[in-house]
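# Okay, sequence plus prediction incoming.
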Amino acid sequence: MSMLDDAMLSQLLPSLRRFARSLTRHEASADDLVQSCLERALTHGNTRCPAGDVRAWLFTILYRQFVDGRRRERRYGRLLEWLGFQEVPVEPSAETIYLDQEALTNLERLNDEQRALLLLVAVEGMSYRDVSQALGIPLGTVMSRLARARAALRQIHESPLATAALRVLK
């Protein structure tokens, strides 16, 4: 019997999508990342799924696929640059800009690693040990990086740019 069943996957799907969206900052890319994660999990679930927390295992797969994808993008970009091709920047639509500004908070200003740590602990409610296993880093490192991420988020929140100046209209 597989460790992954439909009920478990449907329960974890919103959390996986939320985490993927926070990493990619793009809905379609997040859906692709989740699909790839689930495909990998279902393909290798019987042989590689740990006896412990399946949720942490799925987050591990998702995060590592995100990191691997970023590496591939950089390699591909360097190859195109070396061959003399340059990507044409695509301007986002007004709707995309509005939705992104509305959806993202001060959390988006953190680096990927800090954002991932905060989301896994604060939003997904994972334990430090599960996060340590998911990201493949020691428990002490999770704790220190999380403290730095919280401090950075606090600094962003308290910065003068965070408070909007209101004008009084007559």
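Structure's in. What do you need?
# pLDDT weak spots in this structure?
Residue ranges of the chain with pLDDT under 70: 1-4, 46-52, 79-90, 92, 96-105, 157, 160-170.
# Which parts of this structure are strands?
Read by DSSP state E, the chain holds no strands at all.
# hang on, G136 packs against I61?
No: between G136 and I61 there is no contact under CB atoms under 8 Å: 11.5 Å. Any C-beta I mention is one placed from the backbone N, CA and C, and that applies to glycine too.
# ok, those two, which is more surrounded?
Between G136 and I61, counted using other CB atoms under 10 Å, I61 has the larger neighbour count: 21 against 10.
# Relative to R72, how far out is that one?
When distance is defined by CB to CB, to the nearest Å, I61 is 16 Å away from R72.
# same check, this time on I137
Going from I137 to R72 by CB to CB gives 22 Å.
# Check R17 too.
From R17 across to R72, the span is 22 Å (CB to CB).
# Check S22 too.
Taking CB to CB, one finds S22 at 20 Å from R72.
# Comparing I137 and R72, which shows the higher neighbour count?
Neighbours around I137 and R72, counted as other CB under 10 Å, are more numerous at I137. The numbers are 14 against 10.
# Around L38, count how many other residues there are.
L38 has 19 nearby residues by other CB under 10 Å.
# ok now do it, which residues does it touch?
L9, L16, L58 (CB atoms under 8 Å, 6 or more residues apart in numbering).
# With respect to D112, which of the residues you listed is nearest?
L16 (16.8 Å; CB to CB).
# mind giving me the domain ranges of the chain?
With domains defined by automatic domain parsing, the chain comprises 1-90, 105-161.
# for the first one, the distance to its chain's centre please.
Relative to the mean C-alpha coordinate of its chain, domain 1-90 is positioned 9 Å out (CA atoms, centre = their mean, to the nearest Å).
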